[in-house]
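Undergrad: quick one, structure for this:
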Amino acid sequence: MMISSRLISSSTSAAARRPALQATKHHFSTKKPSSSSTSSTSKLSTAAAISVVCSLFLLSDPISSVLFANNDNDDVNNSYWAKDLQQEMMRGQQQSIQQQQKYLTGGSKLRNAHKFGSGSGDQSTSQQGGNNDNTPTNSVTDLPNQARIVIVGGGFAGLHTALALAEKMSLMNNDSANVDDGSVTLPPENECLQSKSNRSTNSWHQWRRWPFVRNKSSTIHNNNRNQKSCNANYEIIVLEANQIGVGSSGRAKGLVVPGFQVPLEDLEEGAIDNDSSDQHWTVPSLLYKLESILPRRQAAPHHPRYTKDVVREMYKLSYIALDRLRSIVNLYEIDCDWVESGAVEGSIHAMEEEDDEEEESGGCRILSGAEVNEMMGRRSSTNGNKDLYQWGEYDPGCAAVNPLKLTIGLADALERWGVRIYEHTKLMRLVKTVAVTDESSNDSGGKYTLTTNDGSTIQCDHVVLCTGANNLSSDVSRRLEQSFVPIYTWMAATEPLYDECPLKDGVDNICDDEKCQQVKRPAPMCGDDHISLNYWRNNHKDEGRLLFGSLADTIALPDWLISWRLRNAITEVYPQLNNVRFDHVWGGKLAFAPNSMPLIGRDIDYDDIISDATEKSQSSKNFSTGVWYATGFAGHGIVPTAMAGSVLANAILEIPDQQQWRLFQTYFQPSSFNGYPYSRLGAGMVLSIYNVWDWARKKGIPLPALPKLW
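TA: This next block holds a predicted model:
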């Protein structure tokens, strides 16, 4: 019995142990998958980290600017403006085309070289092939080795600066009292901007008293040509990396409007003396706070906050520039399809109290949503849905223009002054020249040395950088290298719509005491306040094309995506055009500073004495030489570039009481922080968020207000 009970007890113990062993086996068997799962998770985390690092690398500014910069539509030749110009030239100026094509290949080329002639007496110094021995040549097409002022960039800003300098120098030479009144001056008969070849000093102040030598002879060294020839030591030359009109100036929407990208009321709201209790956060104010706590670039002073009077003075300068631009077009007889069309802007947002209280002046007026639709040729909503535009504004003082024709016309006006424009000439390096003074002549030969893409060098006293959205290397300007973000925008020209074009010319009834008459009113330039900035116009011709622009991206998009998004945008405004064909699609880069204001001023990195950028410290410096800049017009540059040209010309020529460049230099200087090396990625994310907010508000989805972009 005892044995059997032991056996039973033993068997019972064994049976009891079996579940324990099985549980133990199960426990160990479940731990093995846990280890494998941890290993898989670790691998996935590593792969994800590598993907993030690779994505950040690819999306960084240096890499993305190369990978995503090329697009077939990023070409002025695809634009409607270029096609329109080519058709006109083919109709009546075939010979002119052939003359232009003669110098489209090779290195640095003088634009319209046939205008300047050539002769053995021309002292141009060839630097091709390393010839640097100052040996005279018989060609005027070679780059000079010296110049007084070198303008870098052949867009609106560079051409306006050169033209303002030429005109003001002529007035100074004639002891005119109207140097600083913003007037436009045509070149006198046979006058040519050139340096005095036997000048005994290189003093800037003496040069100001005799800016150039008049060339009284209409035939120089070549009796068979009625051309003017200048010496090698030129007063003003313009360097253009490609061709005149190829950049954003020649591809613009063609809206001639004063002011800046940032409305005056928004600037006043951000002024330091704004006593309004209803102040909104803005992206520039947030960046200002961030910049104030970040370590600043060496020699980059922290700029003070502006006042209302400062921005009002800046806006006043832009209205003066609008009058000057009109005078330039008229006096120089620039054929640029100028139309006094006015402009209307619709708002997708509900009107705020400050908008309702805004004063109407100069013909400007507030529009209801129905009035906006009427002026834009839109059909009001008939299905009970909320209409796209809630209200709007109309400004009759705006105009429409063909920007490519205007750019070429400005270049032609410069050549009437003898100013030479060298195309396909890119600035690669800018250094301050070590002064080596010749005691016998007191001539240092120029304070700055510029090196171009073909190895040529130019010495000069002043450099003006007007390079637009093309990134400058640190070898040219560290201050501008990372001061703005390039933003891509795109336009499309529809097929001819004729009577089906929704944006048509209007008719105004003008009545006096005796009778009434109908006056044709051109169709206005149109736009809205989407973050992506829709803008459109008709081409003011019988064929009735609609030119529609939109989108704001930090990389160049593929063609199919551009066309698809443009079609969606134009269909939202004009639903009846959902199947319209696009005959031309083009686009390009715009230079946006973090505060969306233009950058105009002096690069103090090249100054001998670096001090705070206040009026007191700046006024104590010697400005007989300098490196200046005008860029960052944010797609709003046709008028502000004319203003910048006059402002910088006054600064370079040291015209008393006309030093308004200090306003921009002091309060809107280049930012030392733009998000580099992820400025494109950061700006793209911000734009995407604001686009989503626009979409949600149009759908009636309540969302909290975001800080204003400007």
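
Undergrad: Leu317 in helix, strand or coil?
TA: helix (DSSP: H, G, I helix; E, B strand; the rest coil).

Undergrad: phi, psi for the residue nearest to it when sequence neighbours are not counted please.
TA: Leaving aside its chain neighbours, Leu317 sits nearest to Met643 (5.1 Å; criterion: Cβ to Cβ, 6 or more residues apart in numbering). For glycine as for every other residue, the C-beta is placed from the backbone atoms N, C-alpha and C. Backbone torsions for Met643, taken as degrees, to the nearest 10, come to phi -60, psi -50.

Undergrad: got it, and Val344?
TA: phi -130, psi 140.

Undergrad: before we move on, back to that, my read: the residue nearest to Leu317 touches Tyr319, true?
TA: No. Assessed by Cβ atoms under 8 Å, Met643 is found out of contact with Tyr319, at 9.1 Å.

Undergrad: okay, these two: which has more neighbours?
TA: When neighbours are counted by other Cβ atoms under 10 Å, Met643 comes out ahead of the other of Met643 and Tyr319, with 32 against 15.

Undergrad: restricting to C-alpha, output stretch 310-317 in PDB.
TA: C-alpha atoms of stretch 310-317 as PDB (Å, rounded to 0.1, in the frame of the first residue of the first chain):
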ATOM      1  CA  VAL A 310       9.400 105.600 -42.500                       C
ATOM      2  CA  VAL A 311       7.100 103.300 -44.400                       C
ATOM      3  CA  ARG A 312       5.000 106.200 -45.600                       C
ATOM      4  CA  GLU A 313       8.100 107.900 -47.000                       C
ATOM      5  CA  MET A 314       9.000 104.600 -48.800                       C
ATOM      6  CA  TYR A 315       5.600 104.300 -50.300                       C
ATOM      7  CA  LYS A 316       5.800 107.900 -51.400                       C
ATOM      8  CA  LEU A 317       9.000 107.100 -53.300                       C
END
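
Undergrad: so which helix or strand of this protein has the lowest pLDDT on average?
TA: helix 204-209 (a mean of 35; mean pLDDT, DSSP states H and E).

Undergrad: show me what secondary structure element comes after it.
TA: Using DSSP states H and E, the helix or strand that follows helix 204-209 in sequence is strand 233-239.

Undergrad: each with direction, which strands does that next one pair with?
TA: strand 146-152 (parallel), strand 420-423 (parallel) (DSSP bridges).

Undergrad: tell me the helix or strand right after the longest one.
TA: Heading C-terminal from strand 146-152, the first helix or strand you meet, by DSSP H and E, is helix 156-173.

Undergrad: excluding its backbone neighbours, what's nearest Val473?
TA: To be clear, residue 473 is Ser; Val isn't right here. Closest to Ser473 by Cβ to Cβ, 6+ apart is Glu481, at 6.7 Å.

Undergrad: pLDDT at that neighbour, what is it?
TA: What the model reports for Glu481 is a pLDDT of 82.

Undergrad: so how far is Gly245 from it?
TA: 26 Å (Cβ to Cβ, to the nearest Å).

Undergrad: those two: who's more crowded?
TA: Using other Cβ under 10 Å as the criterion, Glu481 and Gly245 rank with Gly245 on top: 25 against 17.

Undergrad: isn't that one up against Thr407?
TA: Yes. Look at Gly245 against Thr407 with Cβ under 8 Å: they come within range, at 4.3 Å.

Undergrad: give me the mean pLDDT for the helix or strand harbouring Gln459.
TA: Using DSSP H and E, Gln459 sits within strand 457-465. Averaged across strand 457-465, the pLDDT comes to 94.

Undergrad: residues in contact with Asp605?
TA: 299, 477-479, 627 (Cβ atoms under 8 Å, 6 or more residues apart in numbering).

Undergrad: confidence score at it?
TA: You'll see Asp605 listed with a pLDDT of 87.

Undergrad: Three-state assignment for it, please.
TA: helix.

Undergrad: ok, and the closest non-adjacent residue to it?
TA: Of all residues not flanking Asp605 in the chain, Arg479 sits nearest, at 5.4 Å (Cβ to Cβ, 6+ apart).

Undergrad: what of Lys83?
TA: In space, and not counting its chain neighbours, Lys83 is closest to His584: 6.3 Å by Cβ to Cβ, 6+ apart.

Undergrad: give me the phi and psi angles of the one you found.
TA: Residue torsions, per degrees, to the nearest 10, at His584 are phi -140, psi 140.
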